[in-house]
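>>> build the 3D model from these lines:
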Amino acid sequence: MLSSSIVHGFRRLAVSQASRGAAALHHPTAAVCSAPASALHDAVLPTTRITDQQHQQVRYRSNRSRRGLYNGKDIRSGNNVSFSMKTTKRTFKPNVFKKRVYSETLDEMVRFHLTTSALRSIDKAGGLDNYLLTSKYVVEGEGLAVKQRVLKKMARDAKKKKEQAEGESAGEDEGKKSISASEGV
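Just a heads-up that it's a prediction; the model follows:
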């Protein structure tokens, strides 16, 4: 609902635009301003709805952190502060090293550039495969390549199990038919 001072402001604007002539009719507020005061009280102003995706900030990631499993860690900047409180710019680099980590699904050791934070997260997730499948930080680089390999292997294993289950159920049906045939003789 509009306050009375805003309504009176609209009236003044409408009067000043009406005195200008036909150009006032093409102005975007002309339709609202020419309405009576009671209609202005009930007028609903258009609102633009901003989605969460439009508001989400995209954080810069260094090329180095895009390659390995960094678990959201990256190079940060800050200051060295001396005893005299004099500051000098410096960078804080993540604790990165090359390590081979075991993948249960692939049944092999996979080499990654990873941070200590990522190692702790891998342990917490219950293994490399679970971390790769559940982490929001695995979106590109070494991690994504291994994640895709794990997903393909899981799909192949599931397909193989399904085929074996169908084969066993078909084998059981044949066994029942042969038993019933032997009983009939």
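>>> so who does Glu104 touch?
Gly127, Leu128, Asp129 (Cβ atoms under 8 Å, 6 or more residues apart in numbering). All C-beta spots, glycine's among them, are computed from the backbone N, C-alpha and C.
>>> my guess is the last one meets Ser103, correct?
Meaning Asp129. Yes. Between Asp129 and Ser103 there is a contact under Cβ atoms under 8 Å: 5.8 Å.
>>> returning to what we had before: so which of the contacts of Glu104 would you say is closest to Leu151?
Using Cβ to Cβ, Asp129 comes nearest to Leu151 of the contacts of Glu104, at 9.7 Å.
>>> now the strands: where do they sit in this structure?
Per DSSP state E, the chain carries strands over the ranges 76-81, 87-92, 96-103, 108-115.
>>> relative to Leu133, which of these is closest?
Nearest to Leu133, of all the strands of the chain, is strand 96-103, at 11.2 Å by Cβ to Cβ.
>>> mind jotting down where the helices sit in this structure?
4-20, 30-33, 37-42, 52-55, 63-67, 116-125, 128-134, 142-184 (DSSP state H).
>>> can you give me the distance of the closest residue to Asp157 other than its chain neighbours to Arg66?
Leaving aside its sequence neighbours, Asp157 sits nearest to Thr105 (Cβ to Cβ, 6 or more residues apart in numbering; 7.9 Å). Distance of Thr105 to Arg66, computed by Cβ to Cβ, to the nearest Å: 24 Å.
>>> of the two, who's got more company?
Thr105 (19 against 15; other Cβ atoms under 10 Å).
>>> from memory the more buried one sits against Met154, does it?
Yes. Taking Cβ under 8 Å as the definition, Thr105 is a contact partner of Met154 at 6.0 Å.
>>> could you look over the strands of the chain and pick the most buried one?
strand 108-115 (a mean of 17; mean count of other Cβ atoms under 10 Å).
>>> picking up where we left off before, now the strands of the chain in TSV, with mean pLDDT and distance to Lys136?
Shown next, in TSV, are these (pLDDT from 0 to 100; distance: least, Cβ to Cβ, whole Å):
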stretch	mean pLDDT	distance to Lys136
strand 76-81	95	19
strand 87-92	96	22
strand 96-103	94	19
strand 108-115	94	15
